[in-house]
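>>> Here's a sequence, model it:
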Amino acid sequence: MLPLRVLYILSDILFFPLYYIIRYRRKMVIENMRNSFPEKDDKEILRMERAFYHHFCDYVVETIKLMHISDEEMRMRTQFYGVELLDKAIAEGRSCLMYLGHYGNWEWVPSVTLWMHNPEVIFAQIYRPLKNKWFDHFFLKLRSRFNSHCIPKQDTLREIIRYRNSGQPSITGFMADQTPSPTNIHFWMTFLNQDTPVLTGVEKIAKKVDFAVFYFDVEKVRRGYYAVTIREVELHPKEASEFDITRKYMGLMENTIRRAPEYWLWTHNRWKHKGLKKK
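Just a heads-up that it's a prediction; the model follows:
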């Protein structure tokens, strides 16, 4: 319930043990950054690494703040541009799928509901249930904060088809910058200078239901303030070539990361399946 200006003091305090004592995944972060930006020297990599951990601590306190932040403050702190693209698609009777990544504070992005003009739209987001039931319940509550439905990953296609069959327009968000499991690797591409297996499930769903596809391009303006620009990926997925939608999303995601690398989630081992690519 503390104001963010106080929570950021806690964030600054948290940085020291996380970075210097616990050294939370620092080896992986450094390796990921060096492989992604071979043109950058050690001094710049170290700057990016420290900036990432400072931002990560901010992400923690900002996410907890979701429990009590007002709609008015959220509209001030996370502003959306290009909402008219979604309004236009909905007005034409189209539902939408939204790509986003672990960039900036992705937990604040569902506040897009505060910027939409059609009260009939169903908002949903796909999530992977957590093994710890307490944390799972906690994050479900946070992610439902702005009247967004949470769909378990295994129910994704069934729920989206149900939305379509209901005749009610829907907008569904996907965190699509994750690493696919070895059995679900169907497409590789160069991403951040590395051979990268890419999730293709969003594209497959888009082609099946023919929903318009957009991307949330997040920018951290300054501490506690974000700008999200909605960008078109594909309006008619059934007409797109195979993997073209996926390529466009990954290109947009890479542009976002290169603009300010420190705000992407570098602690995940996104390239752990490199050895599986066939020569």
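>>> Tell me where the stretch 51-200 of the chain has strands.
78-81, 96-100, 122-127, 149-152, 170-175, 188-191, 194-197 (DSSP state E, counting those that start in this stretch).
>>> Dump those strands to a markdown table, plus mean neighbour count and distance to Val233.
The way it works is simple: take the backbone N, C-alpha and C, and place the C-beta from them, glycine included. Shown next, in a markdown table, are the strands of the stretch 51-200 of the chain (neighbours: other CB atoms under 10 Å; distance: least, CB to CB, whole Å):
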| stretch | mean neighbour count | distance to Val233 |
| --- | --- | --- |
| strand 78-81 | 18 | 16 |
| strand 96-100 | 25 | 6 |
| strand 122-127 | 19 | 16 |
| strand 149-152 | 16 | 20 |
| strand 170-175 | 23 | 11 |
| strand 188-191 | 15 | 15 |
| strand 194-197 | 18 | 18 |
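>>> Same list (those strands) but as a markdown table, adding distance to Arg259 and mean pLDDT.
Converted to a markdown table, the strands of the stretch 51-200 of the chain look like this (distance: least, CB to CB, whole Å; pLDDT from 0 to 100):
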| stretch | distance to Arg259 | mean pLDDT |
| --- | --- | --- |
| strand 78-81 | 15 | 98 |
| strand 96-100 | 15 | 97 |
| strand 122-127 | 24 | 94 |
| strand 149-152 | 29 | 93 |
| strand 170-175 | 19 | 96 |
| strand 188-191 | 15 | 96 |
| strand 194-197 | 18 | 95 |
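>>> between those strands, which gets nearest to Pro110?
Distance to Pro110, taken as CB to CB, is lowest for strand 122-127 among those, at 6.2 Å.
>>> So which elements touch that closest one?
Helices and strands touching strand 122-127, by 3 or more CB pairs under 8 Å, 6 or more residues apart in numbering; DSSP states H and E, are helix 133-143, strand 149-152, helix 156-166, strand 170-175.
>>> Please name whichever of these is nearest to Gly251.
Nearest of the helices and strands packed on strand 122-127 (CB to CB): strand 170-175, 16.3 Å.
>>> got the contact list for that closest one?
Outside strand 170-175, the residues within contact range by CB atoms under 8 Å, 6 or more residues apart in numbering are 86, 90, 95-102, 106, 109-110, 112, 116, 121-126, 148, 151, 160, 163-164, 201-202, 211, 216.
>>> again, but for stretch 26-33
Contacts of stretch 26-33 (CB under 8 Å, 6+ apart): 19, 40, 45, 48-49, 52-53, 261, 266-271.
>>> Can you give the distance from it to the centre of its chain?
Relative to the chain's own centre, stretch 26-33 is displaced by 20 Å; criterion: CA atoms, centre = their mean, to the nearest Å.
>>> May I have it exported as CSV, CA atoms only?
Once non-C-alpha atoms are left out, stretch 26-33 reads as follows in CSV (Å, rounded to 0.1, in the frame of the first residue of the first chain):
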residue,chain,number,x,y,z
ARG,A,26,24.4,-13.5,-13.0
LYS,A,27,26.5,-16.0,-14.9
MET,A,28,23.6,-16.7,-17.2
VAL,A,29,22.7,-13.0,-17.7
ILE,A,30,26.3,-12.2,-18.7
GLU,A,31,26.5,-15.1,-21.1
ASN,A,32,23.2,-14.3,-22.7
MET,A,33,24.2,-10.6,-23.1
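>>> sorry, back to before: who wins for proximity to Tyr225 among the helices and strands packed on strand 122-127?
That would be helix 133-143 among these, by CB to CB, at 19.5 Å.
>>> What helices and strands are in contact with the closest one?
Using 3+ CB pairs under 8 Å, 6+ apart: helix 133-143 touches strand 122-127.
>>> Now find how far off-centre the strand it packs on is within its chain.
In terms of CA atoms, centre = their mean, the centre of strand 122-127 is set 12 Å apart from its chain centre.
>>> cool, stretch 240-257 as well?
14 Å.
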